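S.K.: Make a model of this:
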Amino acid sequence: MTHAIRVYQPGGAEVMRWEEVAVGAPGPGDVRLRQAVVGLNYIDVYHRTGLYPLPLPFTPGLEGAGVVESVGEGVTDFSPGDRVAYASAIGGYAEVRTIAAASLVHLPDAIDFDTAAAMMLQGMTVDMLINRVRPLQAGETILIHAAAGGVGLILCQWAKALGATVIGTVSSDAKAELAQAHGCDHAIVTARQDFVAEVVRLTDGAKLPVVYDSVGRDTFAKSLDCLARRGLLVSFGQASGPVESFSPAMLVQKGSLFLTRPSLFDYVATRAELEQSAAALFEVVASGKVKIEIGQRFALADAAEAHRALESRATTGSTILTV
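M.R.: Model (predicted):
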């Protein structure tokens with residue numbers, strides 16, 4: 001027998017149970033994977049609370065890295081012993097799991113398991129944001145909310161490598177220092193600074209072509225106020241809660257603005273898209289242009305503690321769960 005986290009009803013971190021589970025042989029098209037490390041992401045909280053409902057019971061987690069133990073019928077791209085990683089298959093909080101081979105990518109020798117589990121979902125999300133949703137141009141100035149978080153630190157570095165000027169919001173001076181050490185040119189501490197006023201000041205009133213907002217309800221309206229005419233708000237998370245309903249006419253009133261709510265899963269929906277995104281991430285990390293900051297490590301059995309830390313904004317960078 002092996003172990004996994006199971007959720008039988010939506011709720012707080014306490015609803016996650018560490019239990020013995022049976023994992024059978026992989027079916028057609030599947031792989032049996034012994035995991036080394038599992039990634040923690042805010043979407044795991046949304047699944048646990050029922051904000052993004054899943055059929056009950058379920059094992060949370062979308063991201064991990066490990067070694068293939070066996071393969072099912074029809075699997076030709078992977079073999080036992082292969083080092084692999086993934087970022088889009090529910091069921092990650094487990095020591096051993098079965099997973100569709102189509103969800104996996106081969107892990108280069110230069111990328112260790114900790115780094116892979118800390119970056120796959122967040123790093124491919126950043127690739128989506130700056131290379132696919134709207135290709136970022138050298139010389140542009142952008143705003144990144146939660147700049148000291150897992151996505152934020154990767155986004156700051158990758159945007160800087162592309163030649164952008166990066167403004168980031170953070171909640172403390174310590175997080176400001178961390179963001180600035182990872183490519184953020186101007187860190188705004190929201191506990192004492194109004195980020196709209198700072199954006200206006202830093203851009204001499206010109207404002208911004210694009211804002212990346214993973215916070216949601218608390219920042220949404222003001223994020224729109226940071227945009228120049230025909231600017232784009234990329235809303236890709238809701239750590240503070242879902243955005244309240246609003247009239248699309250507001251986008252006109254604020255300068256014919258654009259709004260998108262992208263999901264990574266729609267940008268890696270095909271095998272070619274998944275491999276292209278993963279390859280872009282592996283390349284930028286291997287080059288040293290983006291360094292993955294692992295701020296916290298928890299045992300997989302202590303996933304509830306990790307969730308509490310994430311929700312209380314006590315984390316920086318990426319958090320991993322070791323198996």
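S.K.: At the geometric centre of the protein, which residue sits there?
M.R.: The centroid of the chain falls nearest to Gln122 when counting by CA atoms, centre = their mean (3.0 Å).
S.K.: sec struct for that residue, please.
M.R.: At Gln122 the chain is in helix, as set by DSSP: H, G, I helix; E, B strand; the rest coil.
S.K.: who's in contact with it?
M.R.: Contact analysis of Gln122 by CB atoms under 8 Å, 6 or more residues apart in numbering lists 39, 41, 150-151, 154, 318. Just so you know, the C-beta spots here come from the backbone N, C-alpha and C atoms, and that holds for glycine as well.
S.K.: Can you give me the distance of it to Gly317?
M.R.: 10 Å (CB to CB, to the nearest Å).
S.K.: where do the contact lists of the two overlap?
M.R.: With CB under 8 Å, 6+ apart as the test, Gln122 and Gly317 both reach Gly150.
S.K.: the domain parsing of the protein - what is it?
M.R.: Domain segmentation of the chain under automatic domain parsing yields 2-119+269-322, 138-261.
S.K.: Tabulate the ones you listed (TSV), appending distance to Asp127, mean neighbour count and mean pLDDT.
M.R.: As requested, the domains of the chain are arranged in TSV below (distance: least, CB to CB, whole Å; neighbours: other CB atoms under 10 Å; pLDDT from 0 to 100):
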stretch	distance to Asp127	mean neighbour count	mean pLDDT
domain 2-119+269-322	5	19	96
domain 138-261	8	19	95
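S.K.: So for Asn131, which of those domains sits nearest?
M.R.: Closest approach to Asn131 among the domains of the chain (CB to CB): domain 2-119+269-322, 6.7 Å.
S.K.: Export the domains of the chain as JSON lines, with columns for distance to Leu129.
M.R.: As requested, the domains of the chain are arranged in JSON lines below (distance: least, CB to CB, whole Å):
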{"stretch": "domain 2-119+269-322", "distance to Leu129": "11"}
{"stretch": "domain 138-261", "distance to Leu129": "6"}
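S.K.: Okay then, goodbye and thanks.
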